[in-house]
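>>> below are the sequence and a predicted model; questions follow.
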Amino acid sequence: MIAAVSVVVGFATLALYLLRKVPAHRRTLVQWALAVVTIAVLVTAYIYRTRVIDLLNARADFQVRYKLWIQIWELIPIDQITGWGWVGAWPTDLYPFNAIQDATGMYHPDGLNAYLDVYLQVGFIGLLIFVALIALAFGRSWLLASNRRSVVYAWAPLVLVALLVTSVFESAILIESGWMLMVICTVKASQGMSWRLRLPHRDGAGG
């Protein structure tokens, strides 16, 4: 997992560095090209996921996660729209979380996948809101980092990249420091690209 996150964050850092060097009038076209390439890479990685797992030497770890994910996926359709209720970290004495622990024969503090975890706890509606939140936060922070001269803006999208990739293997983004980082990045991105900035400024003397 650490290797995968490091590689993705490294490529994101390189892409952002090169993007900041592109002239402003060509940057939009390069952004779209980068988006297409990223989607193609993600699709290819999913198609050849078995080879990727072998390359990372993570088959044993993946088997543990896969067994847990199957249990979660079987419980999701029971309350698919609104979920079983938000709990954050999994309690050991509350259904269906204790049932999942029993079925896997192992204690899991979370779903080891933030997206499945959200789907289980708050259903399809909550998953849509969560995906919209992270997509908006990442999109805004990435545009800010690629268009603003100061490198200070670069930390937010790179932190989000690390969180989003980690979320495929862990649910840390949903609790404690992971959630705090997510909120901070979202707030900073919204401050830099808020719709309020497009409103006409009033003169203080004019009321």
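Looks like it came in fine. Residues are numbered from 1 along each chain as shown.
>>> how far does the helix or strand bottoming out on mean pLDDT in the chain sit from the chain's center?
Within the chain, no helix or strand scores below helix 49-55, which has a mean of 76 by mean pLDDT, DSSP states H and E. The chain centroid and the centroid of helix 49-55 are separated by 21 Å under CA atoms, centre = their mean, to the nearest Å.
>>> helices or strands up against it?
When contacts are defined as 3 or more CB pairs under 8 Å, 6 or more residues apart in numbering; DSSP states H and E, helix 49-55 packs onto no helix or strand at all. Yep, even glycine has a C-beta here, placed from its N, CA and C like the rest.
>>> which residues does it contact?
For helix 49-55, contacts defined as CB atoms under 8 Å, 6 or more residues apart in numbering pick out 45, 59, 62.
>>> can you list contacts of the helix or strand that comes right after it?
Using DSSP states H and E, the next helix or strand after helix 49-55 towards the C-terminus is helix 59-75. With CB under 8 Å, 6+ apart as the test, helix 59-75 has contacts from 1, 53, 84, 96, 99-100, 103-104, 106, 108, 111-113, 116-117, 119-120, 169.
>>> and those residues, which are buried?
Neighbour counting by 16 or more other CB atoms under 10 Å classes 1, 53, 84, 96, 100, 108, 111-113, 116-117, 119-120, 169 among the contacts of helix 59-75 as buried.
>>> looking at those residues, which are in helices?
Among the buried ones among the contacts of helix 59-75, the ones falling in helices (DSSP state H) are 53, 100, 116, 117, 119, 120.
>>> quick check: residue 31 touching residue 146?
Yes: between residue 31 and residue 146 there is a contact at 7.0 Å, judged by CB atoms under 8 Å.
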